[in-house]
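A.B. asks: task: produce atomic coordinates for the following.
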Amino acid sequence: MPVPDPLQPDLPQPEVPQPLRRVLPAVRWEAVTNGQSGAQVWSSRRHVLKVVARQGLARPLHAELLRLRWLAGRLPVPEVVGYEVTPDAEYLAVARLPAVLAVEPLHVLEPGDIIVDDSEFDLEPSMKSGMPITITSCTAGWV
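C.D. replies: Numbering: from 1, shown residues only. The predicted structure is shown next:
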C-alpha cells in the first residue's frame, strides 16, 4: 500500500472496509504524515484511522488495540471505535482525544506556556498522585 504524498492536491481517500463504514461517518479523511510508525494514518474531525499492510501473520494494530483497551481508565487514551482485518490490510479506528498535537507551533515556540490539566480525565488514583502504573497485568506486550 503506497503512502500518499502530502504535496499532491487530491490525495486518495483510504479504502475503509464495510464493517468500519458502519461505525465511522462518511467523511473526507486527511493524511497524517508526521508519524513514525510506518502505518498510513488518516484523520477526520472526530476520528483517526490507521492502516497497515498485512505481512504474514503479524498484526501490529491488534496489539495496539489490546494496549489501548488495557490503558482505558488508567490514562487518557483514544476510545477504540473499530478494528478490522482484511486479506490485504489491518485497520484500527479510534476517536480523537480533546487535545493539541505536541508538534503544534505553540508548543514548539512557547513550551513554558503549556499547562496540562488532567482534571477533565477520569484517571485512576495512582496517576493523579504521580505514582506509576504497573503494566505487568497487560497481556498485549510493550515492544
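A.B. asks: okay, CA-based contacts and neighbour counts for the rest of this
C.D. replies: Fine.
A.B. asks: buried ones in stretch 55-70?
C.D. replies: Judged by neighbour count (16 or more other Cα atoms under 10 Å), stretch 55-70 contains these buried residues: 59, 61, 62, 63, 65, 67, 68, 69, 70.
A.B. asks: same question for it, mean pLDDT?
C.D. replies: When pLDDT is averaged over stretch 55-70, the result is 88.
A.B. asks: so residue 70 sits in a helix?
C.D. replies: Yes. Counting by DSSP: H, G, I helix; E, B strand; the rest coil, residue 70 is part of a helix.
A.B. asks: poorly predicted segments of this protein, please.
C.D. replies: The model of the chain has pLDDT under 70 over residues 1-11, 34-35, 100-143.
A.B. asks: would you list the phi and psi of residue 20?
C.D. replies: With angles defined as degrees, to the nearest 10, residue 20 sits at phi -80, psi -30.
A.B. asks: residue 80 is in contact with that one, correct?
C.D. replies: No. Counting by Cα atoms under 8 Å, residue 20 does not reach residue 80; the two are 11.5 Å apart.
A.B. asks: overlap in contacts of these two?
C.D. replies: residue 93 (Cα atoms under 8 Å, 6 or more residues apart in numbering).
A.B. asks: in the sheet, who's paired with residue 31?
C.D. replies: Using DSSP bridges, the bridge partners assigned to residue 31 are residue 42.
A.B. asks: tell me the spacing between it and residue 86.
C.D. replies: Going from residue 31 to residue 86 by Cα to Cα, to the nearest Å gives 21 Å.
A.B. asks: related to what we said a few turns ago, in TSV, list the buried residues of stretch 55-70 along with distance to residue 38.
C.D. replies: Formatted as TSV, the buried residues of stretch 55-70 follow (distance: Cα to Cα, whole Å):
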residue	distance to residue 38
59	13
61	12
62	15
63	15
65	17
67	18
68	19
69	22
70	23
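A.B. asks: now, among those, which is nearest to residue 51?
C.D. replies: residue 61 (8.2 Å; Cα to Cα).
A.B. asks: correct me, but that closest one touches residue 94?
C.D. replies: No. Here residue 61 does not reach residue 94: they are 11.5 Å apart, not a contact under Cα under 8 Å.
A.B. asks: so which other helices or strands are in contact with the helix or strand containing residue 51?
C.D. replies: Element membership of residue 51, judged by DSSP states H and E, is strand 47-53. Strand 47-53 sits against strand 40-43, strand 89-95, with contacts defined as 3 or more Cα pairs under 8 Å, 6 or more residues apart in numbering; DSSP states H and E.
A.B. asks: I'm done for today, thanks for sticking with me.
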